[in-house]
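Engineer: return atomic coordinates for the entry below.
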Amino acid sequence: MNFFNKANYFILFLILFFSTSKAQDKELWLTYLYGGENSLGSIVSTSLSSDEKSFQLEHQFKQKYNGHIDRLENVQIGNKVYNLFVNYGNFGAGGINEFDIETNQLIICLHFKANNTKIFYSHLFKYQNKLYALKTENDKVDTIVEFDLENQKIIELGNNLQSDIFDIAANDQNIIISSSDKIYSYDIENNTSKLLYTITNGSEIRIQIEDNHIYALNNYQFYKINISTNEVNVSNKFEILNLDINYNIDFIVEDGVIFGQTLFFSNENNTSQYELFTFNLTSNSYQQIKRFERYWNYLPFFRFNNSICYFNDSGINSHDHSFFKYNKENETFELAENSLQSEYIPNYDIIVTDYKMHFISVAHGEFFTYDDRSNSVTKASLLDDGQYKFTNTELIQNKDKVIFFTKDIIKGESYINTLDILTSEHQIIDKLPYPDINNSFHLENDSLIMYIPYSGIYNKGKFILYDLVNKQLKDLYTFSDLEAENNSSKFYKKGDKIYGYSRNKGSTQKPGIFEFDLNRQSLTYIYESDEDNFYPHQFYINSQGNLFYSVSIDNGQKVDFCEYSFGEKKVTKRTIVDEDYKYLTFKEYQDKIIVLYKPNDFTKPSIFRFFNKETWSITKDIIIPDDILIYYQKQFSINEGLLYFCSDNGWIRENNTKFYSLDLSTDLFKIEYEIDKNKGFGYSLSEYRNEIIIKEANDVQFEIPETIHLDKQELIPQISSNRLDDISLFSSNPEIAQIVDNKIRLKNEGEVNITLKQEDSPNQYGTIIYKTLKVENNQDINSINTNFLSINLYPNPTSQSFSIDKNIDSLNIYSTQGTLIKSFVEQPSYNISTLNPGIYIVKAMKNDDVYTGRIVLQ
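Structural biologist: Reported below is the predicted structural model:
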């Protein structure tokens with residue numbers, strides 16, 4: 001379906017990193033962005049020393065908004081407004097957002113599941129107060145579906161449709177469908193279509209319904225079709241100057257004037273451009289409103305407060321954001337001076353209700369409401385509110401906490417986050433006044449040394465120190481504009497010095513490596529390069545204690561491997577040229593340099609190439625199997641003779657991403673772990689730093705069942721150790737399972753992580769063991785009634801409510817099959833009038849006591 005092929009705004013950015021600790025069993029941490037259902041990504045961890053590689057979910061980021069909104073469609077039914085979102089790259093995944101105008105709340109009211117076929121839902125529309133959309137499967141089969149929100153179902157109405165549907169328009173009387181060259185009416189009850197009009201040499205017909213007429217835009221002509229009489233009026237053709245490839249985007253009709261917008265590609269300056277225009281159907285005249293020389297994000301015309309309006313969006317880093325209203329008297333658009341100027345720019349859909357606009361902000365990634373009467377903007381209350389904007393990707397471990405950063409570029413703020421390894425509790429501990437934190441930072445004595453990159457209007461590039469204990473911030477050094485703008489993304493600390501590099505493009509300072517002295521807080525260049533292409537990709541301290549880095553030239557087909565000697569204060573360089581492969585990343589290993597290459601011919605496999613570190617002669621190539629796709633510049637890890645890396649299959653080939661190991665002694669590949677495509681896409685692994693173990697390992701056994709019934713109330717885990725007194729248990733969710741005296745007290749159904757921790761001793765490492773416990777509540781009626789105290793329920797039978805003769809904490813209602821029907825906290829009476837008549841089981845809890853009884857509902 002051509003419409004979706006134009007959706008080129010999908011960008012996927014996936015990176016994985018790690019952190020280690022000598023006192024923890026967790027040796028590898030990794031993050032991946034886009035985590036499937038309503039998740040921007042996850043942090044997971046694993047132990048490389050374990051025979052069975054399994055990842056433990058540590059934390060899941062929430063989406064900054066509910067998916068990629070299908071920007072042209074929002075549908076209002078009563079006081080609810082619905083729009084459609086899809087997760088591109090995860091075919092078939094998405095859902096329906098429901099926005100309540102009265103309560104100002106946004107929820108996901110229906111979720112789609114991904115499957116193995118290419119399925120898209122699009123063109124959300126309302127017909128007689130029901131929601132419908134177009135389902136496209138494998139780019140060729142189109143089907144109208146109904147979204148049954150009450151029963152959480154998607155009902156397929158049949159596929160008696162054209163296979164190249166481009167647009168759908170509907171009102172309470174008609175459903176109109178357009179294909180590449182035809183316009184149909186669609187009978188939804190009988191699932192039949194009727195041809196209304198054929199456009200010769202048509203292509204991607206955009207349609208709208210106004211009154212009793214269909215308006216269609218195709219190939220620079222407008223068509224006005226009377227639905228009752230099939231009478232057709234065709235406008236003159238209009239021309240857009242310097243237009244080479246045109247995509248009709250959107251238009252609306254007002255008093256005989258069409259307000260349209262078009263995206264096109266101009267060969268004149270090799271850019272995508274975007275134009276707003278009007279077309280007067282009476283005078284057959286075309287008029288350009290404005291042309292945007294750089295396409296960022298189109299925003300449709302819409303009706304608001306009796307005016308035709310649009311937003312000018314010139315990119316999130318620009319201040320050229322404006323709200324315009326159409327003046328009918330002089331037929332021009334005028335800038336509306338209001339609080340929407342610059343700060344809040346809608347992204348995708350705009351929902352209009354009376355004097356209010358509701359929209360998702362491209363800048364903030366959150367839902368806002370603008371009131372034209374009070375000229376005010378308020379933030380919507382998201383029930384599934386996500387506090388993450390753009391997520392920094394490196395993790396660092398400090399004692400029992402993992403530290404990571406999230407950031408909001410537009411607000412100019414970054415957030416220091418911690419994740420408790422034992423309880424999986426997440427906290428934002430502080431806010432920093434910077435739009436970005438570089439992905440290279442160092443932890444030393446409870447302080448973080450960080451680099452704040454140059455970001456133009458917000459700040460100069462600088463080194464800062466953040467005291468985690470006292471939550472204090474200190475500037476260490478500020479770069480000049482030209483230095484900071486061209487600085488690297490990676491820095492390394494050696495003793496009291498930090499080393500980095502700067503291109504210094506446009507500056508009188510030559511590009512090269514600098515040294516920053518933390519004690520003196522001074523910066524000097526220790527190496528200068530005469531090459532303009534000085535732009536290293538990897539940069540670290542090698543086994544000889546020297547700075548080792550690579551410089552990729554000519555799109556990766558030429559690579560300089562460079563080593564800076566601190567003692568000799570000079571750089572030795574080895575240039576490698578390969579016409580068949582493009583350089584990605586490298587790793588130093590023993591007496592070898594291992595380089596990951598991808599082929600110029602995409603049909604050929606990628607390779608790991610081994611170089612002798614002294615002579616730089618090729619010792620061998622290991623061909624990566626062709627079913628393992630390597631596409632991006634990927635980091636890989638080496639630990640105890642095993643090379644770890646991730647494939648790109650999850651994105652490029654819509655399959656699960658796999659975490660592989662390569663045995664460097666046997667050259668054999670092995671799948672270590674697989675990331676389900678519905679849960680995320682892995683990208684790359686950071687280098688694993690192996691710790692020297694000088695203590696003895698402690699033999700601790702910790703066993704609990706995988707699944708337990710809630711009515712068990714208490715679970716005593718099986719623990720054995722020679723230091724039982726040093727052991728503590730932790731629960732990731734005390735609302736499900738609470739730890740009391742190292743016993744597990746069951747509170748509610750759900751899944752919870754139970755963690756055993758044993759502290760270090762002088763001669764032994766401490767131990768951390770993770771177990772997952774699933775608490776279920778789906779027992780049969782006999783198990784519900786067993787071994788519990790009785791309770792008096794009155795009146796019994798009842799037609800509406802009942803009371804009990806005891807003070808309780810909570811109360812559950814079950815069917816006679818043991819299915820949980822309803823839950824209450826303590827109250828004077830319990831209303832069950834909404835249930836079907838019959839016999840129900842009542843289970844009440846007070847502290848450790850459980851009471852049961854039967855209630856008859858008439």
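Engineer: measure residue 224 to residue 174 for me?
Structural biologist: 15 Å (C-beta to C-beta, to the nearest Å). (Each C-beta comes from the backbone N, C-alpha and C, glycine too.)
Engineer: more crowded one of those two?
Structural biologist: Using other C-beta atoms under 10 Å as the criterion, residue 224 and residue 174 rank with residue 224 on top: 18 against 15.
Engineer: thought residue 607 was touching residue 626?
Structural biologist: No - at 11.3 Å, residue 607 and residue 626 do not qualify as touching, with contact defined as C-beta atoms under 8 Å.
Engineer: ok, the two, which is more surrounded?
Structural biologist: Each of residue 607 and residue 626 has its neighbours counted (other C-beta under 10 Å); residue 607 has more, 19 against 10.
Engineer: enumerate every residue touching the more buried one.
Structural biologist: Going by C-beta atoms under 8 Å, 6 or more residues apart in numbering, residue 607 touches 581, 596, 597, 599, 621, 622, 623, 624.
Engineer: so what's the first one closest to, chain neighbours aside?
Structural biologist: When the adjacent residues along the chain are set aside, residue 581 lies closest to residue 597, with 3.7 Å between them (C-beta to C-beta, 6 or more residues apart in numbering).
Engineer: with the last one instead?
Structural biologist: Once flanking residues are discounted, residue 624 sits nearest to residue 606: 4.6 Å by C-beta to C-beta, 6+ apart.
Engineer: roughly how far apart are the one you found and residue 621?
Structural biologist: Residue 606 is 10 Å from residue 621, where distance means C-beta to C-beta.
Engineer: pLDDT weak spots in the stretch 551-700 of the chain?
Structural biologist: 553-556, 602-603, 631-635, 648-657, 673-699 (pLDDT under 70).
Engineer: picking up where we left off before, of the contacts of residue 607, which is the most crowded?
Structural biologist: residue 597 (24 neighbours).
Engineer: verify the stated contact: that one with residue 583.
Structural biologist: Yes - using C-beta under 8 Å, residue 597 makes contact with residue 583 at a distance of 6.2 Å.
Engineer: let me see the domain layout of the chain.
Structural biologist: 296-385, 701-776, 781-857 (automatic domain parsing).
Engineer: what is the end-to-end distance of the second one?
Structural biologist: The first and final residues of domain 701-776 sit 25 Å from each other (C-alpha to C-alpha, to the nearest Å).
Engineer: what of stretch 200-219?
Structural biologist: Using C-alpha to C-alpha, the span of stretch 200-219 from its first residue to its last is 10 Å.
Engineer: same question for stretch 612-629.
Structural biologist: 26 Å.
Engineer: what are the buried residues along that stretch?
Structural biologist: Buried residues in stretch 612-629, defined by neighbour count with 16 or more other C-beta atoms under 10 Å: 613, 622, 624, 628, 629.
Engineer: what's the closest of the residues you listed to residue 330?
Structural biologist: Of all the buried residues of stretch 612-629, residue 629 has the smallest distance to residue 330: 57.4 Å, by C-beta to C-beta.
Engineer: just say helix, strand or coil for the closest one.
Structural biologist: Using DSSP: H, G, I helix; E, B strand; the rest coil, the structure places residue 629 in coil.
Engineer: residue 837 is in contact with residue 858, correct?
Structural biologist: Yes - if you go by C-beta under 8 Å, residue 858 and residue 837 touch, sitting 5.8 Å apart.
Engineer: check which helix or strand residue 658 maps to.
Structural biologist: Residue 658 belongs to strand 657-663 when assigned by DSSP states H and E.
Engineer: burial count for residue 514?
Structural biologist: 22.
Engineer: same thing with residue 126?
Structural biologist: Using other C-beta under 10 Å, residue 126 has 17 other residues around it.
Engineer: secondary structure element for it?
Structural biologist: Assigned by DSSP H and E, residue 126 belongs to strand 119-127.
Engineer: just residue 172 next, same as before
Structural biologist: Using DSSP H and E, no helix or strand contains residue 172.
Engineer: what's the answer for residue 82, then?
Structural biologist: Using DSSP H and E, the element containing residue 82 is strand 80-86.
Engineer: got the angle for that strand vs strand 119-127?
Structural biologist: If you take axes from the mean of the first three to the mean of the last three C-alpha atoms, to 10 degrees, strand 80-86 sits at 160 degrees to strand 119-127.
Engineer: phi, psi of residue 188?
Structural biologist: Main-chain torsions, residue 188, degrees, to the nearest 10: phi -70, psi -30.
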